[in-house]
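Chemist: Structure, please.
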Amino acid sequence: KGLEPSTSTLARWHSTTELHPQTSGGARVRYFEHRARPSSEREMVRDAAASRKRSGRLITTVVTAWVGASPASYDASMVARSACLACAALVLGLVLGLGLSACAARQPSAGSPADPHSAAASADAPIASQPAGAEPAPSPAPAPAPIAASSLPAVLCDLTGGQASLGRQAQLGALLALREAVGAQGDSADAGFLVADTASSPAAAAERAQEAAASRAYGIGFTDSDIALAGVPKFIAAGRPFVVIGATVPSLPGRCGGGTLLACFGDDAQAIAGAEVAAERFGRRAAVVFDSRVDYCRTFSVHFRSHLGAALGGSAVAEFDIAAVAIPAIPPHLVELAEGIDFVYLALAPEDAPAAIHAVRSALPQTPIVGGDSLDFDGLLQLNGLPTDGVWFTTHAWLGQGAEPAAAAFAAAFVRAHGAEPTAFAALGYDAARLALDARLRAGSDSPEAIAAALLSTVEFRGVTGRMNFAAGPVPRKDVGVVGIVSGTRVLG
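Modeler: As a prediction, the model looks like this:
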């Protein structure tokens, strides 16, 4: 980000969450990815690496160690060198023979049923709606090896209160990943999991996090930034790393402390994506409804207004802060603005979204409504007994018809486990748990320092919601999805 393409650097456009500073107009949200090598050279390196793997890199290393490590020893005796070569050749033949046998044993027989999770994890699996010539879309990382329940992360989510519509989904997705890791069935308490309800309250979040940090080496959780700001620092103060599931304020890692990572994109990214899509489809004049009391709403609305105006030449014709103007008092103002706005933008917490949508629809029945990921919960599909229509929002994953194989496999597993359809926050919880488990396994112990180092060194974790790479910082660069609600049904935007 912030680099210009040059003749000495191969630059590719990708649809993602970061916007290049020079991008403007109706272009999609994009960034320059700069490679150190041309693609042909990169392919040569990749092919060479694959060839080394296939020919037995470990045995090649052993032969080198036996034959080439000490020139003086075999120069002194040709007989000794011949003996070493003969032994090495014998071992190489035996091991390669065993390897071929093992590969044959792993090859499924004709007509045997395929494992949907294995199919979803294959990097070569076809990707739905993939543009011709594009790189394969990411699939989930392979399921981690079994791990003791005491080595699992603590899970902290809002299961009650205003944030519960997002927190419950995030928790269920995380539980699915944890149960897969330990091979557990049934209730989480029976499996020895540590799951805490932070009750949509900063005070409860701080208390639950303090307790959890005393017994677990690392944690995951939170879908709201204000709640996360109260809970995550308790883990960081205790020297324990924490992966935030779905609280999207990009400044969270810096405010919570080192060892904090996001499994989600930031509000700057989704605000830019929402502004781009809304301007392209509906127009550049917006009425913005937000809540200055909520960190997420403030951050999100600021980024949206900035990009709509500075980059797209649009404007926020009117702004309504529900901290000062009650939601039921907004419709008369919208009626007056009806001819001067193209859409209404909502930067609100999930508990306020239904009332706001109802208020907008009472004044402007046909005007599009656009918002952020806080609108991604099933309670919005119907309001007051009627199907919701004409609402669009940015989100972290598409799990419906035409979803990528990895997302479809996750959605099917979620339904089997919980008997309900997942939202993108369930996918985020699943990915956050798998990311944390992957780091724990790479760390090789329950040492918080080792787990933190493994998390921060993650460069290519493939999840249901996209790739995660923390080489450039604690907020990953991920694609932003757009989903619509049309006649009470989710549609891919």
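Chemist: What count of nearby residues applies to the residue nearest to Leu364 when sequence neighbours are not counted?
Modeler: In space, Leu364 comes closest to Leu334 once its chain neighbours are excluded; the distance is 5.5 Å by Cβ to Cβ, 6 or more residues apart in numbering. Placement of C-beta: from N, CA and C, glycine included. The local packing of Leu334 (other Cβ atoms under 10 Å) involves 21 other residues.
Chemist: list the contacts for Leu334?
Modeler: By Cβ atoms under 8 Å, 6 or more residues apart in numbering, the residues touching Leu334 are Ala287, Ile341, Val344, Ala359, Val360, Ala363, Leu364.
Chemist: Let's see if you can find the most crowded of those residues.
Modeler: Ranked by neighbours (other Cβ under 10 Å), the contacts of Leu334 are led by Val344, which has 29 neighbours.
Chemist: show me what contacts Phe304?
Modeler: Shown in contact with Phe304 (Cβ under 8 Å, 6+ apart): Ala271, Gly274, Ala275, Val288, Tyr345, Ala347.
Chemist: quick check, it in a helix?
Modeler: Yes - secondary structure assignment (DSSP: H, G, I helix; E, B strand; the rest coil) places Phe304 inside a helix.
Chemist: where's it relative to Gly371, distance?
Modeler: Counting by Cβ to Cβ, to the nearest Å, the gap from Phe304 to Gly371 is 10 Å.
Chemist: Can you check my assumption that the residue nearest to Leu364 lies in a helix?
Modeler: Yes - read with three-state DSSP, Leu334 is one of the residues of a helix.
Chemist: where's Ala174, which helix or strand?
Modeler: When secondary structure is defined using DSSP states H and E, the element that contains Ala174 is helix 164-182.
Chemist: what's the average pLDDT for that helix?
Modeler: When pLDDT is averaged over helix 164-182, the result is 95.
Chemist: For that helix, output the C-alpha coordinates as CSV.
Modeler: Only the C-alpha atoms of helix 164-182 are listed here, as CSV (Å, rounded to 0.1, in the frame of the first residue of the first chain):
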residue,chain,number,x,y,z
ALA,A,164,-25.9,-11.2,21.1
SER,A,165,-27.1,-11.4,17.5
LEU,A,166,-23.5,-11.3,16.4
GLY,A,167,-21.8,-12.8,19.5
ARG,A,168,-23.8,-16.0,19.5
GLN,A,169,-22.9,-16.7,15.9
ALA,A,170,-19.3,-16.0,16.5
GLN,A,171,-19.3,-18.3,19.6
LEU,A,172,-21.0,-21.2,17.7
GLY,A,173,-18.5,-20.9,14.8
ALA,A,174,-15.6,-21.0,17.3
LEU,A,175,-17.0,-24.0,19.1
LEU,A,176,-17.3,-25.9,15.8
ALA,A,177,-13.6,-25.4,15.3
LEU,A,178,-12.7,-26.4,18.8
ARG,A,179,-14.8,-29.5,18.7
GLU,A,180,-13.1,-30.5,15.5
ALA,A,181,-9.7,-30.0,17.1
VAL,A,182,-10.4,-32.3,20.1
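Chemist: next helix or strand past it?
Modeler: Per DSSP H and E, the first helix or strand lying C-terminal to helix 164-182 is strand 195-197.
Chemist: Now for Phe304 and Gly371: what residues contact both?
Modeler: By Cβ under 8 Å, 6+ apart, Phe304 and Gly371 have these common neighbours: Gly274, Tyr345, Ala347.
Chemist: Next up, the contacts around the last one.
Modeler: With contact taken as Cβ under 8 Å, 6+ apart, Ala347 is in contact with Val288, Val289, Phe290, Asp291, Tyr296, Cys297, Arg298, Phe300, Ser301, Phe304, Gly371, Gly372.
Chemist: mind listing the helices for the stretch 301-450 of the chain?
Modeler: For the stretch 301-450 of the chain, the helices identified by DSSP state H, counting those that start in this stretch occupy 331-337, 353-363, 405-418, 424-443, 448-456, in order along the chain.
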